[in-house]
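In: Build me a structure from this.
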Amino acid sequence: MLRIATWNVNSIRARSERVVNWLERSNIDVLAMQETKCKDAQFPAMGFEAAGYEVATLGFSQWNGVAIASRVGLEDVAKQFDNQPGFSKDAEIDPALEARALGATCGGVRVWSLYVPNGRTLTDPHYTYKLEWLAALRENADKWLADDPQAQIALTGDWNIAPTDDDVWDPALFEDKTHTSEPERSAFQAMIKSGFADVVRPHAPGPGVYTYWDYTQLRFPKRQGLRIDFSLCSPALATRVTHAEIDREERKGKGASDHAPVIIELGD
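Out: Below you'll find the model as predicted:
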């Protein structure tokens, strides 16, 4: 059995003790983290290492940032995927690569920690960047499966997309906004058509089942959330999934992230 989780931790330096305690309490083998919000040298790796986890990080500043912690090996680390787009809000400045994708092989599974661009608004250059980023990821995913149809790949992370109306607490509120637009949802479905499966939904059916709740307006106690964190698994890996869950309890309490961990459990 192998337990893999993904969690947008929303600043690992503010929550490292909580995250490590959760890892041990939940018996997690591999954790993909997003929004670590720190440079590599600032990542609080000691706590993870003391708990028996190796850590790979990718962080350039106090924005974005991804990491993977594993107690079942951490090999072939990749700090971006091929042709990953960068971003610049100024057309006269070359786009810069952001800390949004980190891959590593852990316990025989190729795990990617992905922090998909937010998009901001439908007219913002960041939205175009988001769609380009997703298209480049899909091209890579297609290639990985073409090269090895039996590849064990988990595309885990904060996708910043709610793929259906069941994944949004109030679809009308999100009309003409990011996360639910047709191009974003089509990009997500393109990953599904490529062969990657949303392996969590069958074990955590909706509606009303979310992974993110904004800190404002009492969204969490009102159960007003979004399902935007996913583990999309390659065909060969999807057949191994025996259980999946969203740990909503970890969204509670002082110092919680605004996202909940998402866990998948694999059989042999």
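
In: List of residues touching stretch 9-17?
Out: Applying Cβ atoms under 8 Å, 6 or more residues apart in numbering, the contact partners of stretch 9-17 are 19, 33-38, 42-44, 47-48, 65, 67, 255, 257-259. Quick note: C-beta positions are derived from backbone N, CA and C, even for glycine.

In: again, 6 Å this time
Out: Identification of contacts with stretch 9-17 by Cβ atoms under 6 Å, 6 or more residues apart in numbering yields 19, 33, 35-38, 44, 47, 257-258.

In: what does stretch 205-225 give?
Out: Stretch 205-225 is contacted from outside by 166, 169, 226-229, 246, 251, 258-260, 262, using Cβ under 6 Å, 6+ apart.

In: Make TSV out of those residues and add pLDDT.
Out: Compiled in TSV, the contacts of stretch 205-225 are given as follows (pLDDT from 0 to 100):
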residue	pLDDT
Asp166	97
Trp169	97
Leu226	98
Arg227	98
Ile228	98
Asp229	98
Ile246	98
Arg251	97
Asp258	98
His259	98
Ala260	98
Val262	98
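
In: got a winner among those residues for most neighbours?
Out: Taking other Cβ atoms under 10 Å as the neighbour criterion, Arg227 ranks highest of the contacts of stretch 205-225 with 28 neighbours.

In: So which bits of stretch 212-228 are buried?
Out: Of the residues in stretch 212-228, 212-213, 219-220, 224-228 count as buried by neighbour count, 16 or more other Cβ atoms under 10 Å.

In: Adding distance to Ser113 and secondary structure, write those out as TSV.
Out: Output for these, formatted as TSV (distance: Cβ to Cβ, whole Å; DSSP: H, G, I helix; E, B strand; the rest coil):
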residue	distance to Ser113	secondary structure
Tyr212	16	strand
Trp213	21	coil
Arg219	25	coil
Phe220	24	coil
Gln224	27	coil
Gly225	21	coil
Leu226	19	strand
Arg227	18	coil
Ile228	15	coil
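
In: from those residues, which is closest to Leu131?
Out: Comparing the buried residues of stretch 212-228 against Leu131 with Cβ to Cβ places Ile228 closest, at 15.9 Å.

In: for the closest one, phi and psi?
Out: The phi/psi pair for Ile228 (degrees, to the nearest 10) reads phi -130, psi 0.

In: Roughly how far does it sit from Ala136?
Out: Note on Ile228: its distance to Ala136, by Cβ to Cβ, to the nearest Å, is 19 Å.

In: need the contact list for the spatially closest residue to Ala96 that is not a sequence neighbour.
Out: Spatial nearest neighbour of Ala96, excluding adjacent residues (Cβ to Cβ, 6 or more residues apart in numbering): Gly86 at 4.8 Å. The contact partners of Gly86, by Cβ under 6 Å, 6+ apart, come to 95-97.
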